[in-house]
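**Q** Structure, please.
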Amino acid sequence: MLGTKRGLVKPSAGYGIVRIAEESKRLAHLWREDLPVPPSRQSAWWWRFLDTGFLQLAAHNPRLPLALLRRVMGAVPLAQSLRFIDEDLPPLQLLPLIRAALPIVLGKKR
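**A** The predicted structure is shown next:
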């Protein structure tokens, strides 16, 4: 019911601790109240798109994801980067991250 099977782990990062802890609390409450368990979580389409693209970048060249992370982490505040990893960043705040990532992503197509 938790972790990857529940859709709580971000495939590109393996990150899920905060989500798993929050979902554990929620599921425990539902269990105590004898309420039904809702379906598994699914990220918004833009997060799935970005995550899939990141994984494809890694499949194309395993060095590109590290270069991409280095560039993005250096270009935006740490708090914003962490909110990105946890998919807790509003869509409009993705623009600076995407602008920082574009040279690496587009460079792979040259």
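**Q** where's Glu23 relative to Pro103, distance?
**A** Here Glu23 is placed at a distance of 36 Å from Pro103 (CB to CB, to the nearest Å). No exception for glycine: its C-beta is placed from N, CA and C like everyone else's.
**Q** Between those two, which has more neighbouring residues?
**A** Taking neighbours as other CB atoms under 10 Å, Glu23 and Pro103 compare with Glu23 leading, 19 against 11.
**Q** Identify the spatial nearest neighbour of that one, chain neighbours not counted.
**A** Spatial nearest neighbour of Glu23, excluding adjacent residues (CB to CB, 6 or more residues apart in numbering): Leu8 at 5.7 Å.
**Q** hang on, isn't that neighbour packed against Ser24?
**A** No. Contact between Leu8 and Ser24 fails when scored by CB atoms under 8 Å: they sit 9.5 Å apart.
**Q** picking that back up, state the distance from the residue nearest to Glu23 to Tyr15.
**A** Here Leu8 is placed at a distance of 10 Å from Tyr15 (CB to CB).
**Q** Then Lys5?
**A** Applying CB to CB, the value for Lys5 to Tyr15 is 16 Å.
**Q** Settle it for me: which of those two has more neighbours?
**A** Taking neighbours as other CB under 10 Å, Lys5 and Tyr15 compare with Tyr15 leading, 16 against 9.
**Q** who's in contact with the closest residue to that one other than its chain neighbours?
**A** Excluding the flanking residues, the one nearest Tyr15 by CB to CB, 6+ apart is Ile85, at 5.5 Å. Shown in contact with Ile85 (CB atoms under 8 Å, 6 or more residues apart in numbering): Lys10, Ala13, Tyr15.
**Q** Kindly reformat those residues as CSV containing secondary structure and distance to Leu35.
**A** Shown next, in CSV, are the contacts of Ile85 (DSSP: H, G, I helix; E, B strand; the rest coil; distance: CB to CB, whole Å):
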residue, secondary structure, distance to Leu35
Lys10, strand, 27
Ala13, coil, 31
Tyr15, strand, 28
